[in-house]
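# have a look; sequence and predicted model below, questions after that.
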Number of protein chains: 2
Amino acid sequence: MSKQGLPVIQPLAGDACGTACRTPLACEPLGQDEAEELAPLFKAIADPVRLRLLSLIACHEGGEACVCDLTDAFDLTAPTISHHLKVLRKAGLIDCERRGTWVYYWINPGALERLSAILGPRVAAGA
Amino acid sequence: MSKQGLPVIQPLAGDACGTACRTPLACEPLGQDEAEELAPLFKAIADPVRLRLLSLIACHEGGEACVCDLTDAFDLTAPTISHHLKVLRKAGLIDCERRGTWVYYWINPGALERLSAILGPRVAAGA
């Protein structure tokens, strides 16, 4: 990826929205369909345990974490952790695969980036 | 603001997190205190009506919107819209001021940017 192709974050200018605007939330009214699609994703991360689980998975060496590592990090039972992981997985924020005894989880980066982009400062491509 | 000072978005590299990393979620495990502070903010926006309200306010001319404009955009009663605005205001995502007959709302940009930054792609300062 060339440096020229990287988007540069521009601070929100308040009322003026240029043609380079890439932040749907602040630049054109969010449609009902998109709002109904995004709300469950935000709901899935609107929990302290699930936010920490996402972070633990994202930070883990190799970008994936064994369910055993995740359970050890909390003072919660394995079924409770499994429930929270299931919520994140159903929302499409993480994915998983069984390998032998353990299940391994990783972040679906596209989903997090979509949520970030909808809230984030304006990104002007090629600025 | 000089162009050199603008942060450049870098795609997530998976397992390697350089010193320029600025995405707390993906670079160090999110602490319990911060997770408990962030979760109610995500909960406040985890609703289609509230997401659309945020967007309508952010897009409105001058960066602020009269409650009358917001109510007209939905097929919902004024008390329902007021309830949703109150949830957003209590979470610190919007602020408001009464001027004569109407109340005017605007986005608290710091709050949205904080949520975006925690989820977003790595931002390497000075890259």
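In hand now; what should we look at? Residues are numbered from 1 along each chain as shown, chains lettered A, B, ... in the order given.
# what's stretch A:30-44 in contact with?
A:24, A:50, A:87-88, A:90-93, A:111, A:114-115, A:118, B:42-43, B:45-49, B:51-52, B:54-56 (Cβ atoms under 8 Å, 6 or more residues apart in numbering or on different chains). No exception for glycine: its C-beta is placed from N, CA and C like everyone else's.
# which residues touch the residue nearest to the spatial centre of chain A?
Nearest residue to the geometric centre of chain A (Cα atoms, centre = their mean): residue A:112, 2.0 Å. Going by Cβ under 8 Å, 6+ apart, residue A:112 touches A:54, A:93, B:25, B:119-120.
# which residues does residue A:65 bridge with?
Per DSSP bridges, the residues bridged to residue A:65 are residue A:105.
# surely it meets residue A:107?
No - checked against Cβ atoms under 8 Å, the pair residue A:65 and residue A:107 is beyond contact range at 9.6 Å.
# and the helices in chain A?
Using DSSP state H, the helices found in chain A span residues A:24-27, A:32-45, A:48-59, A:67-72, A:78-90, A:109-119.
# any idea how far the first one is from the chain center?
Once both centres are worked out by Cα atoms, centre = their mean, to the nearest Å, helix A:24-27 turns out to sit 18 Å from its chain's centre.
# just the CA atoms of that helix, as PDB, please.
Output in PDB follows, covering the C-alpha atoms of helix A:24-27 (Å, rounded to 0.1, in the frame of the first residue of the first chain):
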ATOM      1  CA  PRO A  24     -21.700   9.000   7.100                       C
ATOM      2  CA  LEU A  25     -23.000   9.900  10.500                       C
ATOM      3  CA  ALA A  26     -21.900  13.500  10.300                       C
ATOM      4  CA  CYS A  27     -22.300  14.200   6.600                       C
END
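# just the mean pLDDT for it, thanks.
Per-residue pLDDT values over helix A:24-27 give a mean of 73.
# quick one: list the elements packing against that helix.
helix A:109-119, helix B:48-59 (3 or more Cβ pairs under 8 Å, 6 or more residues apart in numbering or on different chains; DSSP states H and E).
# to residue B:69, which of the ones you listed lies closest?
Closest of these to residue B:69 is helix B:48-59, at 7.4 Å (criterion: Cβ to Cβ).
# just want the angle from that closest one to helix B:109-119.
Using axes from the mean of the first three to the mean of the last three Cα atoms, to 10 degrees, the direction of helix B:48-59 lies 120 degrees away from that of helix B:109-119.
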